[in-house]
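> generate coordinates for the sequence data below:
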Amino acid sequence: AVSVQKKAFSQITYQEMTFSELHHRSDDIAHALTEYGLKPGDKSVLMVKPSIAFFCLTFDLFKSGIIQILV
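Below is the predicted model of the structure:
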């Protein structure tokens with residue numbers, strides 16, 4: 001589902017995640033956000049470097065119905 005390039009010194013590697021992993025991780029985050037008190041229709045600013053975390057957070061905000069403001 002997601003492959004993010006990582007550069008360490010002169011070597012390039014990739015961090016990867018399957019659709020199933022993305023689904024489960026974004027579900028966990030979405031659940032935590034609703035427990036924290038966010039609800040559908042709330043607005044959230046998303047300021048995250050392009051990474052696996054960015055994709056998980058983006059999908060969980062969609063699942064939660066929280067409006068994303070990408071910076």
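> going forward, measure contacts between C-alpha atoms and count neighbours the same way
OK.
> longest helix in this protein, by residue count?
For the chain, the helix with the greatest residue count under DSSP state H is helix 19-36.
> for S10, see how far away the nearest residue to F54 once chain neighbours are set aside is.
In space, and not counting its chain neighbours, F54 is closest to V48: 5.8 Å by C-alpha to C-alpha, 6 or more residues apart in numbering. V48 is 24 Å from S10, where distance means C-alpha to C-alpha, to the nearest Å.
> who does the helix or strand of the chain with the lowest mean pLDDT pair up with?
Lowest on mean pLDDT, DSSP states H and E among the helices and strands of the chain sits strand 2-8, with a mean of 86. Sheet pairing of strand 2-8 (DSSP bridges) gives strand 11-17 (antiparallel).
> how distant is the partner strand from the center of its chain?
Counting by C-alpha atoms, centre = their mean, to the nearest Å, strand 11-17 is centred 17 Å from the centre of its parent chain.
> list the buried residues of it.
For strand 11-17, the neighbour count (16 or more other C-alpha atoms under 10 Å) marks M17 as buried.
> contact partners of it?
Here strand 11-17 makes contact (C-alpha atoms under 8 Å, 6 or more residues apart in numbering) with A1, V2, S3, V4, Q5, K6, K7, I52.
> go again using 10 Å as the cut-off
1-7, 22-23, 51-52, 55-56 (C-alpha atoms under 10 Å, 6 or more residues apart in numbering).
> how about stretch 43-51?
Contacts of stretch 43-51 (C-alpha under 10 Å, 6+ apart): 2-6, 15-16, 38, 54-55, 57-58, 61, 65-71.
> report all helices and strands that the helix or strand harbouring I69 contacts.
Per DSSP states H and E, I69 falls inside strand 67-70. Judged by 3 or more C-alpha pairs under 10 Å, 6 or more residues apart in numbering; DSSP states H and E, the packing partners of strand 67-70 are strand 43-46, helix 52-64.
> in CSV: these, plus mean pLDDT, distance to D28 and mean neighbour count.
Shown next, in CSV, are the helices and strands packed on strand 67-70 (pLDDT from 0 to 100; distance: least, C-alpha to C-alpha, whole Å; neighbours: other C-alpha atoms under 10 Å):
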stretch, mean pLDDT, distance to D28, mean neighbour count
strand 43-46, 94, 17, 13
helix 52-64, 93, 8, 18
